[in-house]
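Engineer: What follows is a protein structure lacking sequence information:
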Ligand SMILES: Nc1ncnc2c1ncn2[C@@H]1O[C@H](COP(=O)(O)OP(=O)(O)OP(=O)(O)O)[C@@H](O)[C@H]1O
């Protein structure tokens, strides 16, 4: 699918407000039959958006993009191409200079902060918490949007925190202070906080950074599980293109702040794309789980992507 193709997806099939599922969780709309497919959470849509910091030159411009309802979409692109900036706009942290980002048909800025946080969870790259905060306390912060201002933790909040710690595999770190964690352990702790929010949609900015392969797969499995069990809509920034192609239902490729291509991985990932967008010569194959990518070498900086095959 090309960047300017509207895709014609039906935006009317939106889930009702989050309901309490059988296991007490509040993600998605739940279902009486555990074997039935969950009703998908709403989509995120971007139309005619220009994003900048402080009203300067646009960093991202996109006519139309969609993170489809109840599907996993990976946002990929070179360093500085605008992935985090786009995610910030999806979470109403950055107001568009033009156009709108909508979730469930409403511009994200029109939601109150707490209401949006109840429905949309963001794992950003910028983490700050007092060093003495324990992993469990951090995960507990994820429950604030679901509690009244003066309310303490309810039974369902404790259960949500336990579920998040378990999903991410950090129960054994629950009483450790975040200041004493390794980079990867810290990343998992912040992810547990985001999952404890139990939202209908998840925006994850490089959730696998710092993680060894086992933990990368564990995190992606946890996200896939949430998507399959609760229909959670996911937009995730990943740098490993092969991993993104295996994991996601759709890819959005950003280049220099503009959508270059979007659609299913087997349509999007080609050796031309890897060369022209990522500046790498790579072999692209097709396995049972979708495209496989074997990077060979970096294209020389002076190569403009024409027929010249020089490599560094
Ligand atoms: N707070 C900011 N103020 C001004 N410019 C910014 C700010 N944050 C990012 N930028 C600029 O916006 C552009 C896109 O940055 P962004 O972080 O969105 O890219 P990215 O694709 O997520 O990159 P990476 O893969 O390196 O994380 C870059 O040129 C960056 O320098």
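Structural biologist: Great, that's in hand. This is a predicted model, so every value here is computed, not measured.
Engineer: For the rest of this, base every contact and every neighbour count on C-alpha atoms.
Structural biologist: Noted.
Engineer: which parts of this protein sit against the ligand?
Structural biologist: Within reach of the ligand by Cα under 6 Å from any ligand atom, the chain has these residues: 53, 59, 78-85.
Engineer: what's the neighbour count on residue 85?
Structural biologist: Neighbours of residue 85 under the rule other Cα atoms under 10 Å: 18.
Engineer: if we can go back for a sec, with secondary structure and pLDDT as extra columns, can I get the residues of the chain next to the ligand in CSV?
Structural biologist: Output for those, formatted as CSV (DSSP: H, G, I helix; E, B strand; the rest coil; pLDDT from 0 to 100):
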residue, secondary structure, pLDDT
53, coil, 95
59, coil, 96
78, coil, 96
79, coil, 95
80, coil, 96
81, coil, 97
82, coil, 97
83, helix, 97
84, helix, 96
85, helix, 96
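Engineer: So which of those wins on neighbours?
Structural biologist: residue 83 (26 neighbours).
Engineer: Could you pull up the residues touching that one?
Structural biologist: Residue 83 makes contact with 75-77, 237, 254, 257, according to Cα atoms under 8 Å, 6 or more residues apart in numbering.
Engineer: Could you pick out which of those residues are located in strands?
Structural biologist: Using DSSP state E, 75-76, 237, 254 are the members of the contacts of residue 83 that sit in strands.
Engineer: ok, of those residues, which come out buried?
Structural biologist: 75-76, 237, 254 (16 or more other Cα atoms under 10 Å).
Engineer: farthest pair in those?
Structural biologist: Using Cα to Cα, the pair of those lying farthest apart is 237 and 254, separated by 10.8 Å.
Engineer: now, which of the ones in strands among the contacts of residue 83 sits nearest residue 129?
Structural biologist: residue 237 (22.5 Å).
Engineer: Doesn't residue 297 belong to a helix?
Structural biologist: No: read with DSSP: H, G, I helix; E, B strand; the rest coil, residue 297 is strand and lies in no helix.
Engineer: let's number from 747 now, not from 1
Structural biologist: Sure, I'll start numbering at 747, so the last one becomes residue 1043.
Engineer: Spatially nearest residue to it (excluding sequence neighbours)?
Structural biologist: Counting by Cα to Cα, 6 or more residues apart in numbering, residue 1027 is the residue found nearest to residue 1043 once chain neighbours are left out, at 5.3 Å.
Engineer: swap in residue 869?
Structural biologist: Using Cα to Cα, 6+ apart, the closest residue to residue 869 is residue 950 (4.8 Å).
Engineer: quick one: which helix or strand includes that neighbour?
Structural biologist: strand 947-951 (DSSP states H and E).
Engineer: do residue 906 as well
Structural biologist: helix 901-914.
Engineer: Which elements pack onto that helix?
Structural biologist: helix 881-887, helix 929-942, helix 959-976 (3 or more Cα pairs under 8 Å, 6 or more residues apart in numbering; DSSP states H and E).
Engineer: just those helices: most buried one?
Structural biologist: helix 929-942 (a mean of 24; mean count of other Cα atoms under 10 Å).
Engineer: In the stretch 847-996 of the chain, which residue sits closest to the ligand?
Structural biologist: Minimum separation of the stretch 847-996 of the chain from the ligand (Cα to the nearest ligand atom) falls at residue 985, amounting to 7.3 Å.
Engineer: what's next to whatever helix or strand residue 1039 lives in, contact-wise?
Structural biologist: Assessed by DSSP H and E, residue 1039 sits inside strand 1036-1044. For strand 1036-1044, the external contacting residues (Cα under 8 Å, 6+ apart) are 987-988, 991-992, 1011-1012, 1015, 1025-1032, 1057-1058.
Engineer: out of those, which are buried?
Structural biologist: 987-988, 991-992, 1011-1012, 1015, 1025-1028, 1030.
Engineer: From those, which land in strands?
Structural biologist: 1026-1028, 1030.
Engineer: Widest-spaced pair of those?
Structural biologist: Of all pairs in those, the most separated under Cα to Cα is 1026 and 1030 at 11.5 Å.
Engineer: For the protein, give me the ranges with low pLDDT.
Structural biologist: Along the chain, the model assigns pLDDT under 70 to residues 747-782, 895, 1048-1058.
Engineer: Is the residue positioned nearest the centre of it bridged to anything, and to what?
Structural biologist: With distances taken as Cα atoms, centre = their mean, the chain has residue 982 as the residue nearest its mean C-alpha position (2.5 Å). Legend: beta-bridge partners of residue 982 under DSSP bridges are residue 820, residue 950.
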